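Participant: Sequence and predicted structure are below.
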Amino acid sequence: MQLHRRRHSEFDEARLYEYPSHLREAIEGMPCAPGVYIFHGAEGDLPLYIGKSVNLRSRLLAHLRNPDEARLLRQTLRISHVRTAGEIGALLLEARLIKQQHPLLNQKLRRNRQLCSLRVQEGGLPEVVYSKDLNFATAPDLYGLYASRHAALESLRQVADDQRLCYAALGLEKLPKGRACFRAMLHQCAGVCRGDEDPDVHRQRLFIGLEGLRVACWPYPGAIGLVERDGDGQQIHVIHHWHYLGSVRDADEARLLDKVAPGFDADGYKILCKPILSGRAEVILL
C-alpha cells in the first residue's frame, strides 16, 4: 500500500508540473536554424547551461516539455542564442563558450585537462607524452587523446588484450629476467616473453592495434577557412592546427584571424577531423 502511494505522488508531481511561461514567451521568435543557446540564471552569475542544435526552436521546446529538467527551468531567467550557418559552427561555438564561461551544468567540455597521448619509442616500447611538451597538431605517430596518464595506459592495455600482446614487453608490468608472463600461460599473450614470438612480429601487431587510434597531423601549411553556407549567407570558420580561431563572413576578415594557435585543442580536433580529412568540408587556404 505504501508503494502505491509513492507512485501516485510521483505521478501527481509530474502531471501538475507547470512550464515557466516567461521562457515559452522567450522562444516565440526562436529560429528553426542551427546555433547555440544559453540558459541564464541570476544576473552576473555564470550561465546555467550552454547547448547547441541544428534547429534551435525545436531543441528549446524539447527542454520546456521535459519535467526532468524542471530544476534547470526554474532557475532560468532568460534564454539567449547565437545563430550559426551550420552544425560545425554550432559545435565549435558551443565548445568555445563552455570553456570561456564555465556554465554550472556543463561538465564534460569545461574540464581543464592535461592532454596526453601514446607514442612508440625507437626500441618499440610505448610511452605516454603530453601536449605541454609536444605540439599534437604536428607531431607524427601519436595514438589516442586522453585526459590522464591512467586513461592512456588503460587504452594500451585494451590494445594488448585485443592483439594478444605482452604486458611486460609493453612496459605495463615488470617480470624477472627470463620468466614468462602469467598471461602467456593463459594464452592471452602470444609469448614474446618466452621466445614463442619474434619481437618484430610483436611490434608489428602493436602498430596494427594502435592504428585505429592514430592522431592525424594538421594537413595544411597554415590556417584555413572552413565554409558553411546558410541560404544566401555564409560563415567562414578559421582553423589553425585543429584550433578554432573564430567565425567571420568573408575571406578578408578570415585572414585577419590567421595567427598561430595557442595550442592543440582536443575538442576542436574531434569536431573537425572527419569533415576536413574526408574532403566533405569546403575549405579555403588563408
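Facilitator: Ah, there it is.

Participant: Quick one: the strands in the stretch 151-286 of the chain, in order.
Facilitator: 224-230, 233-240, 243-248, 282-285 (DSSP state E, counting those that start in this stretch).

Participant: Among those, which comes closest to residue 192?
Facilitator: Minimum separation from residue 192 across the strands of the stretch 151-286 of the chain (Cβ to Cβ) falls at strand 243-248, 40.0 Å. Using the backbone N, CA and C atoms, a C-beta is placed for each residue, glycine as well.

Participant: Next, the residues that contact the closest one from outside, please.
Facilitator: With contacts defined as Cβ atoms under 8 Å, 6 or more residues apart in numbering, strand 243-248 is touched by 84, 89, 92-93, 95-96, 137, 223, 235-239, 254, 256-259, 261-265, 268, 272.

Participant: repeat that for 6 Å
Facilitator: With contacts defined as Cβ atoms under 6 Å, 6 or more residues apart in numbering, strand 243-248 is touched by 89, 92, 235, 236, 237, 238, 254, 257, 261, 265, 268.

Participant: Around residue 174, how many other residues sit close by?
Facilitator: 7 (other Cβ atoms under 10 Å).

Participant: Can you list the low-confidence ranges for the stretch 51-200 of the chain?
Facilitator: 108-113 (pLDDT under 70).

Participant: follow-up on the earlier one: name the stretch among the strands of the stretch 151-286 of the chain that sits most buried.
Facilitator: Across the strands of the stretch 151-286 of the chain, averaging neighbours per residue (mean count of other Cβ atoms under 10 Å) puts strand 233-240 on top, at a mean of 22.

Participant: can I get the contacts of strand 243-248 in a markdown table with distance to residue 27?
Facilitator: Formatted as a markdown table, the contacts of strand 243-248 follow (distance: Cβ to Cβ, whole Å):
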| residue | distance to residue 27 |
| --- | --- |
| 89 | 20 |
| 92 | 23 |
| 235 | 23 |
| 236 | 28 |
| 237 | 26 |
| 238 | 30 |
| 254 | 32 |
| 257 | 32 |
| 261 | 35 |
| 265 | 31 |
| 268 | 29 |
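
Participant: just these now: which is nearest residue 181?
Facilitator: Nearest member of the contacts of strand 243-248 to residue 181, counting by Cβ to Cβ, is residue 265, at 38.6 Å.

Participant: which residue sits closest to the closest one, ignoring its sequence neighbours?
Facilitator: Sequence neighbours aside, residue 243 is the residue nearest to residue 265 in space, at 4.7 Å (criterion: Cβ to Cβ, 6 or more residues apart in numbering).

Participant: pLDDT score assigned to the one you found?
Facilitator: The score at residue 243 is 93. That number is its pLDDT.

Participant: ok, it to residue 131 distance?
Facilitator: 12 Å (Cβ to Cβ, to the nearest Å).

Participant: cool, residue 106 as well?
Facilitator: On the measure of Cβ to Cβ, residue 106 and residue 131 end up 22 Å apart.

Participant: what's the burial count for residue 266?
Facilitator: Going by other Cβ under 10 Å, the residues that sit close to residue 266 add up to 18.

Participant: mind listing what it touches?
Facilitator: For residue 266, the contacting residues are 115, 145, by Cβ under 6 Å, 6+ apart.

Participant: Could you list the residues in contact with stretch 156-167?
Facilitator: 126, 170, 173, 181, 189, 190, 192, 193, 205, 206, 209.

Participant: hang on, residue 128 packs against residue 114?
Facilitator: No. The pair residue 128 / residue 114 is not scored as a contact, 10.7 Å apart, by Cβ atoms under 6 Å.
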